[in-house]
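> With the input below, show me the fold.
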Amino acid sequence: MLPETEWFTEICDEAGSAFSFKIKEKLVEVQTGFQKIEIFETEKWGRLMAIDGFIMLTDRDNFLYHEMMSHPVLFTHPDPGRVLVIGGGDCGTLREVLQHPGVTSCEQVEIDEQVTRLSEQYFPELCSANNDPRAAFHFVDGIRWVKDAEPGHYDVIIVDSTDPIGPAQGLFTEQFYRDCHRALGEDGLLVQQSESPLIHQRLLKEMHTAMADAGFAAVNTLGFPQPVYPSGWWSATLAGKTSDLTRFREQDATQRPFETRYYNPGIHRAALAMPTFLHQQLGK
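Numbering: from 1, shown residues only. From the prediction side, this is the model:
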């Protein structure tokens, strides 16, 4: 076995598994009032950010997550103008959102300012849209922000949170989804990262139930690969105030005026198809 100091390992107790990455050096470690943030230089995956021991992103594969958290929901909405991102302190989702020319404003509400400041220093490519005049940053509690939001103010709410523990736990509740529903306009859409379809099926079922009970007319879970997260398979759960989430602006997605590395209309359609076991688990 190689010395422990050469590897960063995340243990997933639910799956009885662990992911390890060989590292060159630790670049920074900061204990904030909310969490411990570490950034490493790895041998094969570029830079890696971990929060409280859980991998948040790497240079090599973060585009998968950031594109799937933003483009499917934005192309599903008929005319997304005002967007709210809860969490997302690394700013990768914000960057993807602001590639859509129809977006007039994107507010990012991140409880821990240090996540953003360290991302600006160590992941500058993810923060390339931070100075866009449509972007606004609020380093406050996202749960309170949504509760206090003007009714019908947002077209899209993206919950780009950590796992449902610590500061993020309250983002996975029926009350939070009710507040999101109230803050969204007539065609409003909510999307939230929803963990691994293979490992966290109980959480997914609880989310589907809570979103429906909060008043959303339709709930769909979209799957996508995410090599650095437990099981290598991740998901985003989409909730809409209207009943059909399978239709999206396919022509606009095909003619999108920006480049993507993973997302395209075919990927969008395929991600809507849930595997049989998940249909059974969710009672769909």
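> so how far is the host helix or strand of Arg202 from its chain's centroid?
Applying DSSP states H and E as the criterion places Arg202 in helix 201-213. Remark: helix 201-213 is offset 17 Å from the chain centroid, using Cα atoms, centre = their mean, to the nearest Å.
> Quick one: mean pLDDT over the next helix or strand after it.
Sequence-wise, the next helix or strand downstream of helix 201-213 (DSSP H and E) is strand 218-225. For strand 218-225, the mean per-residue pLDDT is 96.
> Residues in contact with strand 218-225: which ones?
With contacts defined as Cβ atoms under 8 Å, 6 or more residues apart in numbering, strand 218-225 is touched by 64-65, 68, 72, 194, 197, 204, 207-208, 211-212, 232-240, 242-246, 262, 267, 271-272, 274-275, 278, 282. Every residue, glycine included, has its C-beta placed from N, CA and C.
> which of these are buried?
Of the members of these, the ones counted as buried by neighbours, 16 or more other Cβ atoms under 10 Å, are 64-65, 68, 72, 194, 197, 204, 207-208, 211, 233-240, 242, 245, 267, 271-272, 274, 278, 282.
> returning to that earlier point: mind checking which of the contacts of strand 218-225 are in helices?
The helices, defined by DSSP state H, take in 64-65, 68, 72, 204, 207-208, 211-212, 267, 271, 278, 282 from the contacts of strand 218-225.
> JSON lines please, covering the residues you listed and showing pLDDT.
Shown next, in JSON lines, are the ones in helices among the contacts of strand 218-225 (pLDDT from 0 to 100):
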{"residue": "Leu64", "pLDDT": "98"}
{"residue": "Tyr65", "pLDDT": "98"}
{"residue": "Met68", "pLDDT": "98"}
{"residue": "Pro72", "pLDDT": "98"}
{"residue": "Leu204", "pLDDT": "94"}
{"residue": "Met207", "pLDDT": "95"}
{"residue": "His208", "pLDDT": "96"}
{"residue": "Met211", "pLDDT": "97"}
{"residue": "Ala212", "pLDDT": "96"}
{"residue": "Ile267", "pLDDT": "98"}
{"residue": "Ala271", "pLDDT": "96"}
{"residue": "Leu278", "pLDDT": "89"}
{"residue": "Leu282", "pLDDT": "86"}
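> Just list the residues touching the residue lying closest to Phe258 once chain neighbours are set aside, thanks.
Excluding the flanking residues, the one nearest Phe258 by Cβ to Cβ, 6 or more residues apart in numbering is Gln99, at 4.1 Å. The contact partners of Gln99, by Cβ under 8 Å, 6+ apart, come to Ala129, Arg256, Pro257, Phe258.
> Which two of the residues you listed have the greatest separation?
Using Cβ to Cβ, the two most remote members of the contacts of Gln99 are Ala129 and Arg256, lying 15.8 Å apart.
> what's the nearest residue to Gln17 if we skip its chain neighbours?
Slight slip there: residue 17 is Ser, not Gln. Leaving aside its sequence neighbours, Ser17 sits nearest to Pro230 (Cβ to Cβ, 6+ apart; 6.6 Å).
> right, and the one you found touches Asp13 too?
No - with contacts counted by Cβ atoms under 8 Å, Pro230 stays clear of Asp13, the gap being 9.7 Å.
> Between those two, which is the more surrounded one?
Pro230 (24 against 8; other Cβ atoms under 10 Å).
> State the distance from the more buried one to Phe21.
Per Cβ to Cβ, to the nearest Å, Pro230 is found 13 Å from Phe21.
> Equivalent analysis for Phe216, please.
From Phe216 across to Phe21, the span is 37 Å (Cβ to Cβ).
> same thing with Leu57?
In terms of Cβ to Cβ, Leu57 sits 12 Å off from Phe21.
> Also Ile86?
28 Å.
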